[in-house]
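Visitor: just the structure for this:
(one chain, ligands or ions: 1)
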Amino acid sequence: MNEIRMPERDIARFESIVGSEAMDRIGGLASSVLTRLDGRSVWNVNSTAAGGGVAEMLQSLLPYARGAGIDARWMVMRANDDFFAVTKRLHHALHGSAGDGSPLGDKAHEIYDTVTRENAAAYASQVREGDVVILHDPQTAGLAPYLIDKGALVIWRCHIGKDTVDDEVTRGWRFLSHYLEDVPAFVFTRESYVPDYCDHGKSSIITPSIDAFSPKNQSMSDEQFRAILVNTGILRGVKNEAAATFVREDGSQGSVAMRARIVREGRVPSAETPLVVQVSRWDPLKDPIGVMRGFVRMLDLGDESGSVLMLVGPDASAVADDPEGARVYREVVETRAALPPHVRCRIQLVSLPMTDVQENGAVVNAIQRQASVVVQKSLMEGFGLTVTEAMWKGRPVVASPVGGILDQIDHGRNGLLLQDAHDLDGLAEKLASLVANPRLGSWLGENARRRVGNEFLGIQHLAKYGGLIGQLIEERERAGNPRRFTAADRGLDATTGHPSLAPPAAPFAV
Ligand code: UDP
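Guide: Numbering: from 1, shown residues only. Sure, this is the predicted structure:
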């Protein structure tokens, strides 16, 4: 296990966003959690220090928890390729897919158990009785029994899931349940991801958040984001290098010098050109070709705005470990090339270099801010970060009614949902109405920004964790501080997980 040292950051910077009343409430919660923790640590354990949503989330949240006085720590497991092959298989199973089709039987348990045992041996001596340990995703589930034995208060958080159960999902849970039996609390992203066996009061829902101060989501003036887009070659205009800047994670100033690789014909759009934008990896589940077809139908309705569709994604040639990305990108290029010239010249494919992730984030930020409409036409989605990112920038979003997007957008209030993920006519019609009616877009966008500011930022994420940890410590104390704090101690029946019935009161004193 490796520890990633985290800096401290003052949570007070959220005051400008959420206001002083909310800050007072959160300050009160933080101090009650601190008292309850009484000097104990809150550990997070996952399996990678960089890359992937969990690492990004820990990087952005833990410094604030530390700034609030909590000894929040981050440990990363050490594992080998065989272990990751098993956990990748588990990851696929929880999404309902067979992955490489391997059986998840005894051999897989053996590989998994060896690595988790070694990691537990290296780590358990650092964990004190009463420490809170938040284990993230299937890779860490095998650590739970060892840590519970040490007297730690274990929370297992699963960031993945599927809305409906099938054989693969069941297979995945069967593998994991073995390790999770005594875990007193679970966290899931969506209600429908909670598997039957850890339903019944043991589970909490905590949605992912975005970092409002990261290069991808920090505020930018119009001059700034336009200068960034001109510098990258996405918009035409006079170069203004001095304004093409952003604030890096360490507080230093960054400047955007990268050039986007763009497939386009005809004129470079100006700042006045209405842009319809989808930002995503080149992945079939993000359905970039469907977005293109919906946009073409919008043009068929007789668009007079001169709007342009931009499909934006990471430079597929740069992502060596994603051969699928390169294939999907090629398909998108070919589908576009087969369109008639007058349609083709309204569709641009934008690939952004990933060499500097923060600079890439600043360009994504600028594109989302410049967009008249942001689309997320996913065929499946856990929690669409790009949806929250665009909503936070006050942009109207048109999205498929799938997965977590249903928890993010209230149709007609803070965004628009399609009838279903294949609703091309609905997409065309909604794009047309938003491009023609910017006031509708601004109204939806304002509501969208408010929704994110109230629910999906780091500060609310921390508050939800704080509430859960406070409650668990209280329940544990009520149960008389047992070394192994289990579901039964939470007043839950150990076998069914249902709240236990209180024993009938004796009719008379005995
Ligand atoms: N993203 C990025 N650069 C790109 C394309 C995408 O930084 O060129 C980011 C995007 O802003 C979002 C993340 O990748 O933060 C994708 O997250 P999402 O939940 O939307 O989809 P996922 O890729 O996790 O399925």
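
Visitor: what's around the closest residue to Trp43 other than its chain neighbours, how many residues?
Guide: Excluding the flanking residues, the one nearest Trp43 by Cβ to Cβ, 6 or more residues apart in numbering is Val133, at 4.6 Å. Bear in mind the C-beta positions are built from the backbone N, C-alpha and C, glycine included. Neighbour count of Val133, defined by other Cβ atoms under 10 Å: 25.

Visitor: my guess is Val133 contacts Asn46. True?
Guide: No: using Cβ atoms under 8 Å, Val133 is not in contact with Asn46, being 11.6 Å away.

Visitor: okay, now the unreliable bits of this structure?
Guide: In the predicted model of the chain, residues 199, 318-322, 492-510 satisfy pLDDT under 70.

Visitor: contacting residues for the most centrally placed residue in it?
Guide: Residue closest to the average C-alpha location in the chain (Cα atoms, centre = their mean): Pro208, at 4.7 Å. Counting by Cβ atoms under 8 Å, 6 or more residues apart in numbering, Pro208 touches Gly53, Met57, His159, Thr189, Phe383, Leu385, Thr388, Phe456, His461.

Visitor: 6 Å - rerun?
Guide: Residues near Pro208 by Cβ atoms under 6 Å, 6 or more residues apart in numbering: Phe383.

Visitor: please report phi then psi for it.
Guide: Reported as degrees, to the nearest 10, the phi and psi values for Pro208 are phi -60, psi 160.

Visitor: these two touch, right, the residue nearest to Trp43 and Tyr146?
Guide: No: judged on Cβ atoms under 6 Å, Val133 makes no contact with Tyr146 at a distance of 10.1 Å.

Visitor: is the ligand contacted by stretch 241-253?
Guide: No: applying Cβ under 6 Å from any ligand atom, one finds stretch 241-253 out of contact with the ligand, separated by at least 13.3 Å.

Visitor: contacts for that stretch?
Guide: Stretch 241-253 is contacted from outside by Pro215, Gln218, Glu223, Gln224, Ala227, Ile228, Asn231, Gly254, Ser255, Val256, Gln358, Ala362, using Cβ under 6 Å, 6+ apart.

Visitor: then stretch 105-113?
Guide: The contact list for stretch 105-113 (Cβ under 6 Å, 6+ apart) reads Asp82, Phe83, Val86, Gly142.

Visitor: same question for stretch 40-53.
Guide: Applying Cβ under 6 Å, 6+ apart, the contact partners of stretch 40-53 are 4, 54-55, 58, 70-77, 130-136, 139-140.

Visitor: please spell out the ChimeraX selection for the buried subset of those.
Guide: Applying 16 or more other Cβ atoms under 10 Å to the contacts of stretch 40-53, the buried members can be selected in ChimeraX as follows:
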select :4,54,55,58,70,72,73,74,75,76,77,130,131,132,133,134,135,136,139,140
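
Visitor: identify those among the contacts of stretch 40-53 that sit within helices.
Guide: Counting by DSSP state H, those place Val54, Ala55, Leu58, Gln139, Thr140 in helices.

Visitor: which residues does the first one contact?
Guide: Val54 makes contacts with Asn46, His136, His159, as judged by Cβ under 6 Å, 6+ apart.

Visitor: for the stretch 151-300 of the chain, what lies in contact range of the ligand?
Guide: So far as Cβ under 6 Å from any ligand atom goes, the stretch 151-300 of the chain lies against the ligand at Lys216, Val279, Ser280, Arg281.

Visitor: turn these into TSV, including secondary structure and neighbour count.
Guide: Shown next, in TSV, are those (DSSP: H, G, I helix; E, B strand; the rest coil; neighbours: other Cβ atoms under 10 Å):
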residue	secondary structure	neighbour count
Lys216	coil	25
Val279	strand	25
Ser280	coil	22
Arg281	coil	17
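
Visitor: Glu475: which of those residues is nearest?
Guide: Lowest distance from Glu475 to these (Cβ to Cβ) belongs to Lys216, with 37.5 Å.

Visitor: residue of the stretch 401-510 of the chain nearest the ligand, please.
Guide: Nearest residue of the stretch 401-510 of the chain to the ligand (Cβ to the nearest ligand atom) works out as Gly404 at 8.5 Å.

Visitor: re the thing from before, so what's the residue nearest to Trp43 bridging to?
Guide: Trp43, Val154 (DSSP bridges).

Visitor: ok, it - contacts?
Guide: So Val133 contacts Trp43, Leu147, Ala152, Val154 (Cβ under 6 Å, 6+ apart).

Visitor: which bits of the stretch 301-450 of the chain sit near the ligand?
Guide: So the stretch 301-450 of the chain meets the ligand at Gly313, Pro314, Leu352, Asn360, Gly361, Val364, Gly384, Leu385, Thr386, Glu389 (Cβ under 6 Å from any ligand atom).

Visitor: can you count the residues close to the third one?
Guide: Leu352 has 24 neighbouring residues, counting by other Cβ under 10 Å.

Visitor: that one contacts Asn360, correct?
Guide: Yes: using Cβ under 6 Å, Leu352 makes contact with Asn360 at a distance of 5.3 Å.

Visitor: next, Tyr179: secondary structure please.
Guide: Recorded secondary structure, Tyr179: helix (DSSP: H, G, I helix; E, B strand; the rest coil).

Visitor: list the contacts for the nearest residue to it once chain neighbours are set aside?
Guide: Once flanking residues are discounted, Tyr179 sits nearest to Ala141: 4.4 Å by Cβ to Cβ, 6+ apart. Shown in contact with Ala141 (Cβ under 6 Å, 6+ apart): Leu176, Tyr179, Leu180.

Visitor: for the ligand, give me its nearest residue in the stretch 201-350 of the chain.
Guide: Distances between the stretch 201-350 of the chain and the ligand by Cβ to the nearest ligand atom are smallest at Pro314, namely 3.9 Å.

Visitor: name the nearest residue to that residue, ignoring sequence neighbours.
Guide: That would be Met354: by Cβ to Cβ, 6+ apart, it lies 5.0 Å from Pro314.

Visitor: what's the neighbour count on the one you found?
Guide: For Met354, using other Cβ under 10 Å, the count is 14.

Visitor: pretty sure it belongs to a strand, no?
Guide: No: looking at Met354 with three-state DSSP, it is coil, so not inside a strand.

Visitor: wait, it sits on Gly313?
Guide: No: in this structure, Met354 is not within contact of Gly313 by Cβ under 6 Å, at 10.0 Å.

Visitor: now the residue of the stretch 51-200 of the chain found nearest the ligand: how far from Thr189?
Guide: Ranked by Cβ to the nearest ligand atom, the top residue of the stretch 51-200 of the chain for proximity to the ligand is Gly53, at 6.1 Å. Distance, Gly53 to Thr189, using Cβ to Cβ, to the nearest Å: 10 Å.

Visitor: neighbour count for those two, which is higher?
Guide: Neighbours were counted for Gly53 and for Thr189 using other Cβ under 10 Å; Thr189 has more, 21 against 15.

Visitor: which SS class is the closest residue to that one other than its chain neighbours?
Guide: Spatially, and ignoring its direct neighbours in sequence, Thr189 is nearest to Phe383 (5.6 Å; Cβ to Cβ, 6+ apart). On the three-state scheme (three-state DSSP), Phe383 is labelled coil.
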